[in-house]
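1. Build me a structure from this.
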Amino acid sequence: MAALISAQKLTKHYRMGDETVHALDGVSFDVARGDYCAIVGPSGSGKSTMMNIIGGLDTPTEGRIVIDGNDIGEMSDENLAVFRNRTIGFVFQSFNLLPRMTALENVELPMIYGGVAPAERRERAAALLTRVGLGQRMDHRPTQLSGGQQQRVAIARALAGQPPLILADEPTGALDTNTGIEILALFRELNREGVTIVIVTHDHEVAAATRRTIEMRDGHIVSDKANDRSARHDAHV
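-> Numbering: from 1, shown residues only. Here you go, the predicted structure:
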């Protein structure tokens, strides 16, 4: 299966005072179209830096990141913003919903930037909220929703541009165990429908719910393996 993501010898260095921090040190891997994988590691391992580079939110010091055949390091800021809107859906631990907007309006937002006509984006947003089980909560603002419901809104928003790729940063980190299991089940369902999903997490149990785990430590990949399906089923269903 063709690679949707190709990370090629990625290096990222930060200056902190007189010290140079090596967040990534020559990291290479591919993620196939339709894959469902986790990038896992402790704080400081480089996993969040990796997610930011894959998402075009940060640039590597050296190396290339190719998404859907496009070298995003060669794009202008304007073209990269358009590419992200069409290609990548983001899901964050803190949900990142706009508090003054309803669930429906939050899901519509990326479609506004994408130039979708008002009637179409409202119809699509309503369908997505129904899809994630919030058909009766469309007019609620984030403060009127539970954490799990807010994350479902965030997932619906991530799907609004019909992207082939979802990047999720600690998507269950702010949720209780049962709600986290529900969110992971939703990701599995979306993946079965063809969406490529990459989860960044420190939690090995969350990683075990995916098909593949890429483990990072000190800016290097120390393990890259397929997950045992029976273990995933026992732990998360």
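2. Would you map the strands across this protein?
-> Along the chain, counting by DSSP state E, strands occupy 3-16, 19-32, 36-40, 62-67, 70-71, 88-92, 165-169, 196-201, 212-217, 220-226.
3. closest to Asp139 out of the ones you listed?
-> strand 88-92 (22.1 Å; C-beta to C-beta). In short, each C-beta sits where N, CA and C put it, glycine included.
4. The closest one packs against which elements?
-> helix 147-158, strand 165-169 (3 or more C-beta pairs under 8 Å, 6 or more residues apart in numbering; DSSP states H and E).
5. And the ones you listed: which comes nearest Leu134?
-> Comparing the helices and strands packed on strand 88-92 by C-beta to C-beta, helix 147-158 comes nearest, at 5.5 Å.
6. how much space is there between the residue sitting nearest the centre point of the chain and Arg100?
-> Centroid-nearest residue in the chain: Leu167, 1.4 Å away (criterion: C-alpha atoms, centre = their mean). Distance of Leu167 to Arg100, given as C-beta to C-beta, to the nearest Å: 26 Å.
7. avg pLDDT for the longest helix along the chain?
-> Scanning the chain for the helix with the most residues, using DSSP state H, yields helix 177-192. The predicted model gives helix 177-192 an average pLDDT of 94.
8. what about the nearest residue to Pro99 once chain neighbours are set aside, how many neighbours?
-> In this structure, Pro99 finds its nearest non-sequential neighbour in Pro142, 5.3 Å apart by C-beta to C-beta, 6 or more residues apart in numbering. By other C-beta atoms under 10 Å, 20 other residues sit near Pro142.
9. Many thanks, I have nothing further to ask.
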